[in-house]
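A.B. asks: okay, here's the prediction I keep looking at, along with the sequence it came from:
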6 protein chains.
Amino acid sequence: MWIYEKKLEYPINIKCKNIQMAKYIITQFGGPDGELSAAIRYLSQRYTMPTGKSKALLTDIGTEELAHVEMISAMVYQLLKDATPEELKKAGLGSHYAQHGHALFPSDAHGVPWTAAYIGVLGDPIVDLNEDLAAEQKARATYEHLIRLTDDPDIIDPLRFLREREVVHYQRFGEALMDVYDYKDSKKFY
Amino acid sequence: MWIYEKKLEYPINIKCKNIQMAKYIITQFGGPDGELSAAIRYLSQRYTMPTGKSKALLTDIGTEELAHVEMISAMVYQLLKDATPEELKKAGLGSHYAQHGHALFPSDAHGVPWTAAYIGVLGDPIVDLNEDLAAEQKARATYEHLIRLTDDPDIIDPLRFLREREVVHYQRFGEALMDVYDYKDSKKFY
Amino acid sequence: MWIYEKKLEYPINIKCKNIQMAKYIITQFGGPDGELSAAIRYLSQRYTMPTGKSKALLTDIGTEELAHVEMISAMVYQLLKDATPEELKKAGLGSHYAQHGHALFPSDAHGVPWTAAYIGVLGDPIVDLNEDLAAEQKARATYEHLIRLTDDPDIIDPLRFLREREVVHYQRFGEALMDVYDYKDSKKFY
Amino acid sequence: MWIYEKKLEYPINIKCKNIQMAKYIITQFGGPDGELSAAIRYLSQRYTMPTGKSKALLTDIGTEELAHVEMISAMVYQLLKDATPEELKKAGLGSHYAQHGHALFPSDAHGVPWTAAYIGVLGDPIVDLNEDLAAEQKARATYEHLIRLTDDPDIIDPLRFLREREVVHYQRFGEALMDVYDYKDSKKFY
Amino acid sequence: MWIYEKKLEYPINIKCKNIQMAKYIITQFGGPDGELSAAIRYLSQRYTMPTGKSKALLTDIGTEELAHVEMISAMVYQLLKDATPEELKKAGLGSHYAQHGHALFPSDAHGVPWTAAYIGVLGDPIVDLNEDLAAEQKARATYEHLIRLTDDPDIIDPLRFLREREVVHYQRFGEALMDVYDYKDSKKFY
Amino acid sequence: MWIYEKKLEYPINIKCKNIQMAKYIITQFGGPDGELSAAIRYLSQRYTMPTGKSKALLTDIGTEELAHVEMISAMVYQLLKDATPEELKKAGLGSHYAQHGHALFPSDAHGVPWTAAYIGVLGDPIVDLNEDLAAEQKARATYEHLIRLTDDPDIIDPLRFLREREVVHYQRFGEALMDVYDYKDSKKFY
């Protein structure tokens, strides 16, 4: 189970409304390679991992991805907060306003609702860790695209932090893969 | 952000493999009225709630629903754990085994992947709390259906616990709705 | 069965082409909280209602929602009718034109096709009526968002009418819920 | 708008519970080539038809398809009505019961929710009528498959009636296509 | 099996970047009536065709549709190639860039991922050929919409070629339908 | 473009009807980790690969995956060919028969239609090749699950062949990744 701690993993303080960036950043909430995909993927996969270490790693990273969902949500919320319907319309978020007002909805940047079809859970630890390595790479690339779409340092700074975390997770999944291979080898010999 | 505590909100100890029940219970993981729907719905809605009390309530219940996702996951995992491919086939989970082995995947009981189309986030606190009241009722009915599909007390006991929690949440959302109405009234007069 | 009467429940006479509003209003045709969702939800739920009164109410309101589908369709059709491809492009409906020309398609305002995942039918009358109360609230909020996106009285007038009908339906579903509770109580005693 | 008349287009009186057939027949409610697809397709397409005759035909047939949705719903309801959870489980509807109890839900026979992706509305009358001709053929073939899956005359009889209606609609759409070609020719010459 | 020949069925040489047209043309890659729908539809249907001629025709046209997928892909790629993030943003492709960079993804013009729900495979040759006739008409209309959205001859020329191919396929499916009717008649008499 | 050669990449000669295995194997046609996912993924990604070698590799493997779609289709077709409706019903394919007769449809083993949400195309060569490495692992695991669900050597033999091909592709994608890293390094220095 989880205990909520009322703080963000990394601070979000966006001073300038930027509606269009909200539209793009939402993909890291409910898009194919976003933080919700990551959290649900890892927290689903952990049950069939063979070692305590790999189970713990997926739980840890899955839990951190929930914190990233929260960071992305805070960003989108701050970017949209005081926008008038007219401003939302002009920035191409009239459709979002019609359906969700100023609220957050787990969709991609086109408004397509999140689907579990985005994630793979095969029950084979080597396969699932390969899925995770790819997932971290895809999330990293999406953050790089988002960073190139703006020049506001208040937006870029947390996106960079999140991008860095994907790189760290990629490395840790690589280590977990080694751990699982070792475990499989040890089972063969003894 | 969240801190993971390595225990279940309520213990799951299923002694008899029951593959078919795993197939049905999975709907409370990734089905329309399951725990994942609940968690994502409440954690998305909280940003546009008008009072500290309603924001906190959605955060608390959303966090508890994550713990329920974990309980349902533990149930499905225990129910499927040592099943052979032949047993899975006979119990109607051959399709699940082909695609996911012994792992968990966030789908409904028919194998349809979870989609955010199941949840409503409109950004109006009265509307969103009505959505939540309905959601708790739907989750309750699903637990009642599941309880009637088995006579194993190891399965029924945690399902009853989860059913009870939905009733409590329903009451708390009712109180939050009153709180929001009071807030709106107070704003009109002062 | 139904008999078609060749008139709209409420007149639609839009004098000024407004392509962008067509894009937003379409969500009340094929979006999550639109009239098609309402009609199909109520007409599906009526079979498992326990009293003649609740069955009849769902049939009546379901039938009226079909008339609302028709009103929304007429609005979208009038808003788009003589638009050139160039005008559609400029107003952000180039994608719609490429796929559907000047026709109507049951999608939301982002172009996502309608899915039955939007509606809940649980077969328990108390649960289903709670779903319906929430649905009417969500439809109401969507109409309010749409009204704030325009200042054309020809558009606002029918949207207001439709908004009012949702409020009436909400009240009638509340009464039906009382009726079902009474019926359940009466069954306990006799 | 529509007026509801409290009778079925053709009587449904199923005397023997047949849970498995309910599972298959549901595809003509919420499956790709079912009656809901038909009704929504025709009622959406009518706006961009060029002649009064073709507009009226689509309205008429669309209205009749709503009556067919109701007939299919009545069949599924009668086939499932008094089934116990145990019986539903044995017949392969345990998943349906978990999620929907004894109620109807607009899905296909696999439990996949209906989606507007099943229908085509292109706004060109010749194209849309070709879509309709194909739709009637697909519905006909589905009814033939369903008829071959049972030998209960109470089920076969209304399925045959519905199959016949598809054949009639196919012919009428063929005539409408001729009408539209004539109209186009007449426009070229005068 | 297939052998790849490194040339396009028809040359694509787009000299002017046109980001917005890329957004629209993508629907003929991954939209409802696009070339991917066509290829998968025909290559799936061929197994249950009754004559060598109809099987061969579906294989041939299905194979040609793969070449059309490639032509459309080349068009979208050339239209997007050197666009900066800023240009993509201005032309309404910021969402695409966030999720896919400069790459192609099989979605419609709204960004909705391709789904097999778009195609019909019923296993009855007359029905499936009717589906194919309608499909060719829908593809033709989409090409006509696309042609009206631009005046660049480098774009119009290959779209016209593709439109012409749909007309030819329509005729060939009509002939195949005759062939299947003849085969059915011959089976009745001998 | 592609030229069709009328032979399978590897022979399929299934002597015993096995309806249930058809239901499972279909996931390698239209399921998340099946051959259609693979073909469309690679053929979409190739445009944004930076070197001739990586472009050619994705074209080659994408083309081979089309041949695998064909092999899987032939397997499903042979497994289902002469099954009566009654047999299909008993083996749990009554739903398939109702909707598709004896035909093939690109769905997963639960009947969920294929969706492009299964594939990732990010436009960054390193990311896309990581996606491909994961995809090959997932396909391999699915083949291993399928092999464990049967003991018919006529089925196992082609599944083993296909499984082997995934391993080879995995290795070749690893090499392509090295090639792309080399290319990136070379660009840094000169």
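C.D. replies: Good, I have the coordinates. Numbering: from 1, shown residues only, chains lettered A, B, ... in the order given.
A.B. asks: ok, A:Lys81 - how many residues close by?
C.D. replies: 13 (other Cβ atoms under 10 Å in any protein chain shown). For the C-beta atoms, the positions are set from N, CA and C on the backbone; glycine is no exception.
A.B. asks: mind telling me what element the closest residue to it other than its chain neighbours is part of?
C.D. replies: Counting by Cβ to Cβ, 6 or more residues apart in numbering or on different chains, A:Lys81 lies nearest to A:His102, which is 6.7 Å off, once chain neighbours are set aside. Following DSSP states H and E, there is no helix or strand that holds A:His102.
A.B. asks: doesn't B:Gly123 make contact with A:His102?
C.D. replies: Yes. Counting by Cβ atoms under 8 Å, A:His102 touches B:Gly123, with 5.0 Å between them.
A.B. asks: does the lowest-mean-pLDDT helix or strand in chain A come close to chain B?
C.D. replies: None of the helices or strands of chain A scores lower by mean pLDDT, DSSP states H and E than helix A:153-189, at a mean of 93. No. Helix A:153-189 does not reach chain B (Cβ under 8 Å from any Cβ of the partner chain); its nearest approach is 12.4 Å.
A.B. asks: buried residues in that helix?
C.D. replies: For helix A:153-189, burial by neighbour count (16 or more other Cβ atoms under 10 Å in any protein chain shown) applies to A:154-159, A:161-163, A:165-166, A:169-170, A:172-173, A:176-177, A:179-180, A:183.
A.B. asks: picking up where we left off before, quick check: the residue nearest to A:Lys81 vs B:Leu177, distance?
C.D. replies: Distance, A:His102 to B:Leu177, using Cβ to Cβ, to the nearest Å: 20 Å.
A.B. asks: repeat that for A:Tyr47.
C.D. replies: Where B:Leu177 is concerned, A:Tyr47 sits at a distance of 37 Å (Cβ to Cβ).
A.B. asks: and A:Cys16, which of the three is it?
C.D. replies: Secondary structure, DSSP: H, G, I helix; E, B strand; the rest coil: A:Cys16 is coil.
A.B. asks: who's in contact with the residue lying closest to it once chain neighbours are set aside?
C.D. replies: Sequence neighbours aside, A:Asp152 is the residue nearest to A:Cys16 in space, at 6.1 Å (criterion: Cβ to Cβ, 6+ apart). By Cβ atoms under 8 Å, 6 or more residues apart in numbering or on different chains, the residues touching A:Asp152 are A:14, A:16, A:18, A:21.
A.B. asks: how about the helices in chain A?
C.D. replies: Using DSSP state H, the helices found in chain A span residues A:19-25, A:27-30, A:35-45, A:52-80, A:85-90, A:94-100, A:125-148, A:153-189.
A.B. asks: for those, give me CSV that also has distance to C:Leu93.
C.D. replies: As requested, the helices of chain A are arranged in CSV below (distance: least, Cβ to Cβ, whole Å):
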stretch, distance to C:Leu93
helix A:19-25, 17
helix A:27-30, 22
helix A:35-45, 30
helix A:52-80, 23
helix A:85-90, 14
helix A:94-100, 11
helix A:125-148, 26
helix A:153-189, 29
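A.B. asks: redo the ones you listed as a markdown table? Include distance to chain E.
C.D. replies: Supplementary listing: the helices of chain A in a markdown table, determined by distance: least, Cβ to the nearest Cβ, whole Å:
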| stretch | distance to chain E |
| --- | --- |
| helix A:19-25 | 4 |
| helix A:27-30 | 5 |
| helix A:35-45 | 12 |
| helix A:52-80 | 12 |
| helix A:85-90 | 13 |
| helix A:94-100 | 10 |
| helix A:125-148 | 5 |
| helix A:153-189 | 11 |
